[in-house]
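S.K.: predicted model, plus sequence, below.
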Amino acid sequence: MQHLPSTNPGQAAANRRSAAPLQRHSAWSWACAALVGLVACGQPTVSDRIGEQARNSGMVDMARAAEFAWTQVRIYTPYSAWHAVCKDLGELAPDCLQESPASVAEGEFLLVFINEGKGARYESHRRSNGHFLHHTGVLALQRHAAVLDVVPYRSARQGSAFYLKPRRPAPR
């Protein structure tokens with residue numbers, strides 16, 4: 001049986017009054033959620049800091065871009081599957097299967113920051129903030145050597161962009 005709105009003016013007013021606190025609560029919840037979203041959006045990501053360094057200085061110091069505890073970063077290319085990432089990480093990130101994304105999106109790289117085997121932090125890096133240039137499937141850099149040079153390029157299809165190329169170690 002379908003319930004129709006009351007034609008009794010007193011009952012209709014009572015229904016509106018009882019719904020008003022829910023509407024106010026709902027509006028307040030949405031306002032709070034939006035504010036939290038704006039605050040979170042206002043914080044630059046690791047990817048944003050990499051892009052900013054690349055555009056402003058012509059090099060990227062990953063230790064400055066990722067200002068939290070880590071000893072090694074492993075960079076996975078777009079389309080990398082989670083099982084391949086977790087297999088590569090092995091004991092470095094034993095919780096990988098629970099924490100990693102299903103796969104790396106087309107326009108992104110996956111940065112996995114490892115802290116002496118004490119866990120891993122997963123960060124997405126947008127290609128618009130630089131393409132990582134390397135010849136193997138996974139680029140692994142120790143924190144002290146995680147400095148990359150910026151190599152600009154132009155293509156008819158993608159326009160202006162830039163590669164991030166690991167610096168060669170200085171001769172000893």
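M.R.: Arrived safely.
S.K.: so what's residue 60 up against?
M.R.: 50, 53-54, 130, 147-148, 150, 164 (Cβ atoms under 8 Å, 6 or more residues apart in numbering). From N, CA and C alone the C-beta is placed, and that goes for glycine too.
S.K.: let's see if you can find the most crowded of those residues.
M.R.: Among the contacts of residue 60, residue 50 has the most neighbours (other Cβ atoms under 10 Å), with 27 neighbours.
S.K.: is residue 115 in contact with residue 69, as I believe?
M.R.: Yes. Using Cβ atoms under 8 Å, residue 115 is in contact with residue 69, at 4.9 Å.
S.K.: between those two, who's got more neighbours?
M.R.: residue 115 (15 against 12).
S.K.: report the contact partners of that one.
M.R.: 69-71, 121.
S.K.: do you know how far residue 48 is from residue 165?
M.R.: 20 Å (Cβ to Cβ, to the nearest Å).
S.K.: between these two, which is the more surrounded one?
M.R.: Neighbours per residue, other Cβ under 10 Å: of residue 48 and residue 165, the larger number sits with residue 165, 18 against 14.
S.K.: the more buried one is in what secondary structure piece?
M.R.: Using DSSP states H and E, residue 165 falls within strand 159-166.
S.K.: by contact count, what packs against that strand?
M.R.: Applying 3 or more Cβ pairs under 8 Å, 6 or more residues apart in numbering; DSSP states H and E, we find strand 159-166 packed against helix 46-57, strand 131-132, strand 147-155.
S.K.: how about a cut-off of 10 Å?
M.R.: Applying 3 or more Cβ pairs under 10 Å, 6 or more residues apart in numbering; DSSP states H and E, one finds that strand 159-166 contacts helix 46-57, strand 59-61, strand 131-132, strand 138-142, strand 147-155.
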